[in-house]
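Undergrad: Next comes the sequence, and after it the predicted model I'd like to discuss.
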Amino acid sequence: MSTKPRHDDTPARQRILDVAILRFSRQPFSEVSLRDIAGDAQVDVAYVHRTFGSKVGLFRQALDAQFNFDAVFAEPVSREEVIRRLCDRLSMESPRTSDEAGPIDMILRSCTSAETRDILREAGAERFHDRMIAKFGAERTLQVMLATSLLFGTAIQRNALGVEQLVSIPDEELRGAIRDAMMRILI
């Protein structure tokens, strides 16, 4: 698998993150090696260890970089804007090219590993669910979980599974439908 970065002038840390995101999006965690990531990023494997600590540390940082929930929740932001940003971030776009990785791909490739499942659950709670519940109110926890499940489930069915009934819907139309459904559930 060749996942070499396109720009040789990209800083080494960013090249490593870019390669890691692609690798973790295409392969199960157990099949990704720091040596392969280092080779693709054109750095020494010791540099990867010094910079990220371990494969788990790199996975955590790649996950944060891929989802960038800080941008979704950047204040000041209304509830409606959070929903719009989420729908845009977890893009409902049709399947991507082979050199692109969508946020949902890392979750799908990693959720079967006990090691990364715990990281995903923890990151989901701290970086996403807790912030959504704070934004919409603890009394709406069930609605938050249902709305986000709708968003993630749709992204999985369209982007990962390629369900034709969802793939055939134009990107903006589907994004609007998901936004409307989330608004009805949450607002």
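TA: Perfect, I can see it now.
Undergrad: Which residue is the nearest non-sequential neighbour of T51?
TA: R13 (5.8 Å; Cβ to Cβ, 6 or more residues apart in numbering). C-beta coordinates here come from the backbone N, C-alpha and C atoms, glycine included.
Undergrad: Let me know the secondary structure of the one you found.
TA: The three-state label given to R13 by DSSP: H, G, I helix; E, B strand; the rest coil is helix.
Undergrad: from the chain's centre, how far out does the helix or strand bottoming out on mean pLDDT in the chain sit?
TA: Here the helix or strand of the chain ranked lowest by mean pLDDT, DSSP states H and E is helix 103-110, holding a mean of 85. The chain centroid and the centroid of helix 103-110 are separated by 7 Å under Cα atoms, centre = their mean, to the nearest Å.
Undergrad: Need the contact partners of the helix or strand just after it.
TA: Later in the chain than helix 103-110, the nearest helix or strand by DSSP states H and E is helix 114-123. If you take Cβ atoms under 8 Å, 6 or more residues apart in numbering as the criterion, helix 114-123 is touched by F29, V56, F59, R60, L63, D64, I107, S110, C111.
Undergrad: What helices and strands are in contact with the least confident helix or strand of the chain?
TA: The contact analysis (3 or more Cβ pairs under 8 Å, 6 or more residues apart in numbering; DSSP states H and E) places helix 103-110 against helix 12-26, helix 55-67, helix 114-123, helix 141-155.
Undergrad: wait, what's in contact with the residue nearest in space to the middle of the chain?
TA: For the chain, P103 is the residue whose C-alpha lies nearest the centre (Cα atoms, centre = their mean; 2.5 Å). Residues in contact with P103 (Cβ under 8 Å, 6+ apart) are Q66, F67, R89, L90, S91, A155.
Undergrad: mind exporting whichever strand or helix holds R50 as CSV, just the C-alpha atoms?
TA: Using DSSP H and E, R50 sits in helix 45-52. C-alpha atoms of helix 45-52 as CSV (Å, rounded to 0.1, in the frame of the first residue of the first chain):
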residue,chain,number,x,y,z
VAL,A,45,10.6,5.1,12.8
ALA,A,46,12.4,6.5,15.9
TYR,A,47,11.1,10.0,15.0
VAL,A,48,7.6,8.6,15.0
HIS,A,49,8.1,7.2,18.4
ARG,A,50,9.6,10.4,19.8
THR,A,51,6.8,12.5,18.3
PHE,A,52,3.8,10.4,19.1
